[in-house]
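> Have a look at this prediction, sequence included:
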Amino acid sequence: MSAQNDLFAARHVTRVAVVQALYQMEVSGASIDAVTEDFQSGKLPRDEAGFVDGEVDLELFKSLMHGAVNRQETIDRAIARRLSTGWRLDRLDAVARAILRAGAAELEQRLDIPAPVVIDEYVEIAKSFFNGPEPGFVNAALDACARDLRPTEA
């Protein structure tokens, strides 16, 4: 496997871990320090068979976690603006909310990663959690958020 493929794989595993950590924080009240410790000790991410094998990008994990948590109000507003009339962010499934928050945080803060790559990654993550319309919803919401968060790239 090439170094570039290794980087893409590490980033994918890390993004899954960020989604899981944000979900864990929301449902259990865990702190950012606790989920970061879980990540560093190999407890995140998991798949059905156990721990996901592969390298992770600790810098990306910390960047996205701190960005999503510290900028949650701004990120939530960016997402909420793109929801259908009458829908609120708190009505979404907690996993979908975590995916959207992680994706929006990456769109806002990681300008070195092209928006289409970010969106595609989180759509793929949504597909691993949902069999219904949620991946399409994630795609549409993050695409709209990208126009707000990265107007020069749109």
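Yep, it's here. Quick caveat: nothing in here was measured; it's all calculated off a predicted structure.
> Look through the chain and tell me its longest helix.
helix 3-28 (DSSP state H).
> Give me the distance between T36 and L22.
Per Cβ to Cβ, to the nearest Å, T36 is found 12 Å from L22. The way it works is simple: take the backbone N, C-alpha and C, and place the C-beta from them, glycine included.
> next one: N139
19 Å.
> returning to what we had before: restricting to C-alpha, output the following helix or strand past the longest helix of the chain in CSV.
Sequence order places helix 32-40 as the next helix or strand after helix 3-28, per DSSP states H and E. The C-alpha trace of helix 32-40 is given here as CSV (Å, rounded to 0.1, in the frame of the first residue of the first chain):
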residue,chain,number,x,y,z
ILE,A,32,-13.6,15.3,25.4
ASP,A,33,-10.6,14.2,27.5
ALA,A,34,-12.3,10.8,28.2
VAL,A,35,-13.0,10.1,24.6
THR,A,36,-9.6,11.3,23.5
GLU,A,37,-8.1,8.9,26.1
ASP,A,38,-10.3,6.1,24.7
PHE,A,39,-9.1,6.9,21.2
GLN,A,40,-5.4,6.9,22.2
